[in-house]
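Enquirer: Quick one, fold the following:
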Amino acid sequence: MLAAFAVLFFRLWALQVLSGSQFLQAAENNQQRPQPIAAPRGPITDRFGRVLVTNAPGTAVQITPADLPKHGAYAELRRLTAILHVPLTDVTTQIAKAKHLGDTLTPVTVKDFVREPQIRYLYEHQSEFPGVTIANSFLRRYKFGDLAAQLLGYVGEISSTQLEQMHGYRLGDKIGQGGIEASYDKFLRGKAGLKQAFVDSLGRPTRPIEVKSLPVPGFAVRLTLDAKLQRAAQKAIVDGINRAQANQQWYANAGAIVALDPRDGAIRALASYPTYDPAVYAGRRKRDLAPLIDPKVAEAADFPALNRALAGVYPPGSTWKPVTALAAMEEHILDPNASLHCTGQLTIDKQVFKNWDPFANQWMTLPTAIAQSCDTYFYQVGKRFYDLPADRGQPLQKWAKSFGFGQPSGVDVGPEEPGLVPTIKWRQQTYTKKTDPYGWQIDRLWKSGDSVQLAIGQKDLQVTPLQMARFYALLANGGKLVTPHVVADIEQPGPDNGPISGPLVLRRFQPPTKELNLDPAAISVLRDGLFQATHSGSGTSSGVFGNFPIGVAGKTGTAEKIVTVHDSTVLTNTSWWCGFGPFAGPTLVVCAVIENGGFGGAVAAPAALQVFEQYFGKKASGIATKQAD
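Expert: Presented below is the predicted three-dimensional model:
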């Protein structure tokens, strides 16, 4: 008995004396709750300092999972979500996530923006909602609604997957989830502060909160974008769709426009339609979010979250002909001053290939063939590529890759699609016995028709509007391949969370430009053809740009495309126009595409003109569209 009492005595002495300070610290830790103080995100401005995205102060309701009662927690959550008009499953999922990660002391946000009557009710009935706290919050405010929505992105709570993959973040953090907000999150998000709360065993506060450190606001991000030009580009797409449907192109429903500076690749406008208002993410209403997160609803709404300028892929049609011509001249298989016969159709290896103009019948040099967009001229050029010896490889595809096709452009915001430049190797990898059991032995062969159709931008070729704009910038600047970019610099924000007067630039962005050492004479010939296309009497877009006071050069395109409508296929034409101005010293490249819009000269060219009119501040005295390729 003495021995047993001795053991108990020494155990009590060890707990109280030797480990007393340790248990005291643990008890104090149970009473102290370190909590982060959200830092206001930095603003996003256009190139002239117009604020596109800023913060709006709000009041959030949060709940600490550890403070929920052991019995009746579900009833409390159900009542709370009914008062705040949020789905119960959203909150229970967040709490389950916190428990899974072993972090039940970090508050879970139930709703970011809570109105005053709801706040007053919760304060008055605070004893009925253990674990619920009211906190200040910052909501992203998009001052111009749907302006550049896909480009700017949105902010949302970090997901479990992101939490596992990213360092320096914690449960409940708000991060950029798309566009600029995501790509430049490390600059925009700022540094959270820290406060200390003191609570009793039921989670009720016992004394005032102590602020340990203040939050540091995020930096401002200045874009190369021009907000007014962006608005004009978005309107031009809608006008283009309306124009197409007025021409009985009933499937015209979407499009994209890219405008960039050919001297350095700075993007001035990056428009995509259909679009959305990023503010719906702050509201968290499932009805508004459905077209953005529910695949079936998104498909029915034609994918408004898709940035078609970067991730939409299309056959480029005749806007590709300058690519074919430049590659042919660099390979010395085409003399731009020699004439080829442009006819209504051409037979190659017993296959008939038709011209968009069935009545064409004249000999043409390259500039005229560009201006009038003669398909049969370029069919002959494509056949010349096909007839090259096998040891020459596929030089058209090689040059296309050097011009930036078939790979991402390196733009500083995404996601971006690489597109596709079809090759012999690609056909062999794509058409196998497994993927094409009935026709793989024929389909995997590269035939003359493949080269012929590639020469006019058809069949398997896929490009993005940004890639086409980048190529036309190469023609505009004399042979330099620019890297498109949309962020100009990072700046120190002022006290009002906006750019300070005379901003302190912390970091500038100037992506590299690659000199391709192309033949200046070849580029000059192409520029001449593009100017004839907009100013000669037979040019495919001369009726649109001929009366514009600024000299603009460019090319129309009409790309055949099969679309599925109600389980049946329909052949439509995607409308293109790409070009630059002023002709003597280009400062802007515009590339417009209207899905299923019909002829490029009738739909895409007028849309591009609207962007030039806004940029130069001048109007065309009149336009006359025509059904021209």
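Enquirer: who's in contact with the most centrally placed residue in the chain?
Expert: Nearest to the geometric centre of the chain sits Asn307, at 4.2 Å (Cα atoms, centre = their mean). By Cβ atoms under 8 Å, 6 or more residues apart in numbering, the contact set of Asn307 is 150-151, 179, 256, 270, 272, 415. (Glycine included, C-beta is placed from N, CA and C.)
Enquirer: Same check on Arg41?
Expert: 55, 138, 140, 155, 174, 188-190, 217-218.
Enquirer: what ranges of the stretch 51-200 of the chain fall below the confidence cut-off?
Expert: 199-200 (pLDDT under 70).
Enquirer: the helices in it, which residues?
Expert: Listed from the start of the chain, the stretch 51-200 of the chain has helices (DSSP state H, counting those that start in this stretch) covering 73-84, 88-100, 116-124, 149-152, 160-165, 179-183, 185-188.
Enquirer: Can you say which of the ones you listed is packed in most?
Expert: Mean neighbour count (mean count of other Cβ atoms under 10 Å) peaks for helix 149-152 among these, with a mean of 26.
Enquirer: Remind me what it packs against, helices and strands.
Expert: Counting contacts by 3 or more Cβ pairs under 8 Å, 6 or more residues apart in numbering; DSSP states H and E, helix 149-152 is packed against helix 179-183.
Enquirer: could I have stretch 254-273 exported to PDB, CA atoms only?
Expert: Provided in PDB are the C-alpha atoms of stretch 254-273 (Å, rounded to 0.1, in the frame of the first residue of the first chain):
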ATOM      1  CA  ALA A 254     -20.500  33.200 -80.900                       C
ATOM      2  CA  GLY A 255     -17.200  34.900 -81.700                       C
ATOM      3  CA  ALA A 256     -14.000  36.500 -80.600                       C
ATOM      4  CA  ILE A 257     -11.900  39.500 -81.400                       C
ATOM      5  CA  VAL A 258      -8.200  40.100 -80.700                       C
ATOM      6  CA  ALA A 259      -6.500  43.500 -81.000                       C
ATOM      7  CA  LEU A 260      -2.800  43.900 -80.200                       C
ATOM      8  CA  ASP A 261       0.100  46.200 -80.800                       C
ATOM      9  CA  PRO A 262       2.300  44.500 -83.500                       C
ATOM     10  CA  ARG A 263       5.400  46.300 -82.200                       C
ATOM     11  CA  ASP A 264       5.600  44.600 -78.800                       C
ATOM     12  CA  GLY A 265       2.600  42.200 -78.600                       C
ATOM     13  CA  ALA A 266       0.700  44.300 -76.000                       C
ATOM     14  CA  ILE A 267      -3.000  43.200 -76.100                       C
ATOM     15  CA  ARG A 268      -5.400  46.100 -76.400                       C
ATOM     16  CA  ALA A 269      -8.600  44.100 -76.500                       C
ATOM     17  CA  LEU A 270      -9.400  40.400 -76.000                       C
ATOM     18  CA  ALA A 271     -13.100  39.800 -76.500                       C
ATOM     19  CA  SER A 272     -15.100  36.600 -76.400                       C
ATOM     20  CA  TYR A 273     -18.900  36.100 -76.700                       C
END
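Enquirer: starting at the chain centroid, how far to that stretch?
Expert: Distance of stretch 254-273 from the chain centroid (Cα atoms, centre = their mean, to the nearest Å) equals 11 Å.
Enquirer: Could you do stretch 10-17 as well?
Expert: Taking mean C-alpha positions (Cα atoms, centre = their mean), stretch 10-17 and its chain are 65 Å apart.
Enquirer: what's the span of stretch 506-518, first residue to last?
Expert: End-to-end span of stretch 506-518 (Cα to Cα, to the nearest Å): 36 Å.
Enquirer: follow-up on the earlier one: I'd like to know which of the contacts of Arg41 is nearest to Pro437.
Expert: Using Cβ to Cβ, Val155 comes nearest to Pro437 of the contacts of Arg41, at 48.0 Å.
Enquirer: what's the distance between that closest one and Lys186?
Expert: Note on Val155: its distance to Lys186, by Cβ to Cβ, to the nearest Å, is 14 Å.
Enquirer: same check, this time on Phe113
Expert: Distance of Phe113 to Lys186, computed by Cβ to Cβ: 25 Å.
Enquirer: And Val352, by the same measure?
Expert: From Val352 across to Lys186, the span is 58 Å (Cβ to Cβ).
Enquirer: For Gln32, give me its contacts.
Expert: Contacts of Gln32 by Cβ under 8 Å, 6+ apart are 196-198.
Enquirer: Look at it and report its pLDDT.
Expert: pLDDT recorded at Gln32 is 73.
Enquirer: How about the one 4 residues further on?
Expert: Pro36 carries a pLDDT score of 77 in this model.
Enquirer: Quick one: neighbours of the residue nearest to it when sequence neighbours are not counted, just the number.
Expert: Leaving aside its sequence neighbours, Pro36 sits nearest to Ala192 (Cβ to Cβ, 6 or more residues apart in numbering; 4.3 Å). Using other Cβ atoms under 10 Å, Ala192 is surrounded by 16 other residues.
Enquirer: again with Gly240
Expert: 29.
Enquirer: how close does it get to Thr464?
Expert: Distance from Gly240 to Thr464, by Cβ to Cβ: 18 Å.
Enquirer: Repeat that for Val381.
Expert: For Val381, the distance to Thr464 - Cβ to Cβ - is 24 Å.
Enquirer: ok, the two, which is more surrounded?
Expert: Neighbours per residue (other Cβ under 10 Å) separate Val381 from Thr464, with Thr464 holding more: 29 against 24.
Enquirer: List the contacts of that one.
Expert: 309-314, 409, 416-417, 419.
Enquirer: Can you tell me which of those residues comes closest to Ala620?
Expert: Ala309 (24.2 Å).
Enquirer: Going toward the C-terminus from the lowest-mean-pLDDT helix or strand in the chain, what's the next helix or strand?
Expert: Every helix and strand in the chain was compared by mean pLDDT, DSSP states H and E; the lowest is helix 20-31, with a mean of 56. Once the chain leaves helix 20-31, the next helix or strand it forms, by DSSP states H and E, is strand 32-37.
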